[in-house]
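Visitor: prediction below, plus the sequence it came from.
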Amino acid sequence: MASDDPLVQKALDRLASLNSETVRLKRFVNDADRLNDQPPRFPEADDENAASLSLGGHTPGVSVRRAVKWPPGSFFNAPLSTAVRRILEARAEAAGNSPSPASVDDIYAALCDGSFAFDTSGAEAQKNGIRISLGKNSVAFVKLPNSDLFGLVEWYGARPRKPSAKKTNGVPAAPASAGGEKAADDAAADEQQTETTEGQEEQ
């Protein structure tokens, strides 16, 4: 099958993440219903393939990614980077050992399923914490450009770092602009004038 237009693929990824969040919330309601000795209101959400079925199978790999279920306690006392690595590696294995990046929404849903202990309260604050933490950990994780998807460095390689400005005697060099070149020329002229004056005084 031909690859989708990048904009279409971005929309499909967004649909997948929204749908996975909907399924997670429905399962939460189902669990609450069972605790109250009531029949679950969304029995279809308990199907492992519920996310892919509701999308009509248009997003390749969604069914295998959502088939990875994390029992409560899977991430209890685990550091965030360790838990996310396990999530991404499990997704890749379920996708036939192929790179399977995850959106922040999908990562958050898996962490919640596995009883991860967040440092903050509120879903949006917790998701933002995931986003910031993974973004800073460039040794292990890669944020795919123009998306909210994260993968492992070993899948894609580390992103090249921007070249830093060279330092002269511990002082950052001036930018190579027209103004910077003029300043350098002026300094050289002053130094030459000083040398000329000193030479005349010695005579």
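Guide: Yes, it's here.

Visitor: lowest average confidence across helices and strands of the chain, where is it?
Guide: Among the helices and strands of the chain, helix 62-66 carries the lowest confidence by mean pLDDT, DSSP states H and E, at a mean of 40.

Visitor: so for the helix ranked longest in the chain, what gets flagged as buried?
Guide: Within the chain, and with DSSP state H defining each element, the longest helix by residue count is helix 6-35. Buried residues in helix 6-35, defined by neighbour count with 16 or more other C-beta atoms under 10 Å: 12-13, 15-17, 19-21, 23-24, 26-27, 30. For glycine as for every other residue, the C-beta is placed from the backbone atoms N, C-alpha and C.

Visitor: with stretch 73-92 instead?
Guide: When burial is assessed from 16+ other C-beta under 10 Å, stretch 73-92 yields the following buried residues: 74-75, 78, 80, 83-88, 90-92.

Visitor: and if you look at stretch 128-144?
Guide: Of the residues in stretch 128-144, those buried under the neighbour-count criterion (16+ other C-beta under 10 Å) are Gly129, Ile130, Arg131, Leu134, Asn137, Ala140, Phe141, Val142, Lys143.

Visitor: likewise for stretch 106-120?
Guide: Neighbour-count burial for stretch 106-120 flags Asp106, Ile107, Tyr108, Ala109, Ala110, Leu111, Cys112, Asp113, Gly114, Phe116, Phe118 (criterion: 16+ other C-beta under 10 Å).
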